[in-house]
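Undergrad: how would this look folded up:
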Amino acid sequence: MRPSDFIFQQDLAPAHAAKSTKDWFTKKQLEVLAWPANSPDLNVIENLWAIVKRKIRDRKPTTLDQLKQNIATAWEAVSAETCDKLVKSMPRRLQAVIQAKGAATKY
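TA: Here you go, the predicted structure:
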């Protein structure tokens with residue numbers, strides 16, 4: 001697959017919304033998904049972070065090294081299947097946001 005086979009997703013962080021960033025995507029002829037303001041409903045990385053947080057929630061590290069190890073262990077425990085399911089949920093997420101006219105959804 002080539003990058004042009006994908007639609008890129010970005011939130012509205014200043015670095016993503018910068019003219020230079022937009023110009024780069026245009027120059028490379030890469031499509032960027034239109035992102036509704038204040039909409040975490042489309043961002044699968046937020047769901048992935050929630051999974052990782054659940055995995056480390058009860059460990060209660062007392063040092064920075066313990067925290068780093070807990071995070072690394074939690075990331076390693078996330079399966080490729082889980083990531084694949086999150087990515088494949090995008091069409092449903094998009095449809096839910098469209099139906100909710102940009103309002104919050106169950107995602």
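Undergrad: residues in contact with Leu64?
TA: Contact partners of Leu64, counting by CB atoms under 8 Å, 6 or more residues apart in numbering, are absent. Backbone N, C-alpha and C define where each C-beta goes, glycine included.
Undergrad: quote the end-to-end distance of stretch 94-106.
TA: 12 Å (CA to CA, to the nearest Å).
Undergrad: please disregard the earlier target; I meant stretch 7-20.
TA: Rule used - CA to CA; the end-to-end distance of stretch 7-20 is 18 Å.
Undergrad: now do that stretch, average pLDDT.
TA: Here stretch 7-20 scores 79 as its mean pLDDT.
Undergrad: what's next to it, contact-wise?
TA: Counting by CB under 8 Å, 6+ apart, stretch 7-20 makes contact with 21, 25, 30-33, 35, 37, 42-43, all of which sit outside it.
Undergrad: kindly recompute the last result at 7 Å.
TA: With contacts defined as CB atoms under 7 Å, 6 or more residues apart in numbering, stretch 7-20 is touched by 21, 30-33, 35, 37, 42-43.
Undergrad: now, which of these lie within helices?
TA: Among the contacts of stretch 7-20, the members found in helices (DSSP state H) are Thr21.
Undergrad: of the contacts of stretch 7-20, grab the buried ones for ChimeraX.
TA: Applied in ChimeraX, the following selects the buried portion of the contacts of stretch 7-20 according to 16 or more other CB atoms under 10 Å:
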select :42,43
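Undergrad: thanks again, I'm all set now.
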